[in-house]
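Q: Just need the structure, nothing else, for what follows:
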Amino acid sequence: RMETDCNPMELPNNTGFEDDSDYRDFEGTDVKDMRLEAEAVVNDVLFAVSNMFVSKTLPCAEDVAYINVETRERNRYCLELTEAGLRVVAYDFDQTDDRLQTPYHETVYSLLDSLSPAYREVFGNALLQRLEALKKDSQS
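A: Residues are numbered from 1 along each chain as shown. Below is the predicted model of the structure:
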């Protein structure tokens with residue numbers, strides 16, 4: 001009678017997927033999460049700022065992404081997006097300044113609200129128009 005304990009650490013690690021680029025990130029499916037999250041953030045508020053895009057220069061990782069934003073007041077910021085939220089890490093595109101100790105914001109809305117009065121106005125007006133449209137729809 002033969003007893004065999006199967007130690008998962010001894011199982012072959014070669015699944016045959018390694019060479020197929022479609023599956024390369026399969027094991028660590030979180031890898032693109034922050035970049036996707038950053039893209040969603042940009043798409044959400046792009047209409048209310050002058051310019052906003054995910055940084056292609058600063059490294060994105062599964063736990064961090066960087067977003068460049070230029071407010072309607074023409075102020076430039078580099079934002080860091082992590083699980084903790086969003087915060088300003090520099091006052092220019094594609095930069096980080098370790099000396100900056102800015103607070104984290106849970107949402108891009110509250111962060112931009114604190115940085116840009118013009119953002120607040122544009123976003124508020126868009127919200128009002130949306131509410132007016134909903135009101136008209138419910139009355140017809």
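Q: isn't there a strand covering Glu80?
A: Yes - looking at Glu80 with DSSP: H, G, I helix; E, B strand; the rest coil, it is inside a strand.
Q: Quick check: nearest residue in space to it, chain neighbours excluded?
A: Val89 (4.5 Å; Cβ to Cβ, 6 or more residues apart in numbering). Yep, even glycine has a C-beta here, placed from its N, CA and C like the rest.
Q: helix, strand or coil for that neighbour?
A: Strictly by three-state DSSP, Val89 counts as strand.
Q: The lengthiest helix in the chain: which residues count as buried?
A: Secondary structure of the chain per DSSP state H: the longest helix is helix 117-139. Buried residues in helix 117-139, defined by neighbour count with 16 or more other Cβ atoms under 10 Å: Ala118, Tyr119, Val122, Phe123.
Q: One more: stretch 48-67?
A: Neighbour-count burial for stretch 48-67 [16+ other Cβ under 10 Å]: Ala48, Val49, Ser50, Met52, Val54, Ser55, Leu58, Cys60, Val64, Ala65, Tyr66, Ile67.
Q: Just the closest of the residues you listed to Glu83, please.
A: Of all the buried residues of stretch 48-67, Glu83 sits closest to Val64, with 8.9 Å by Cβ to Cβ.
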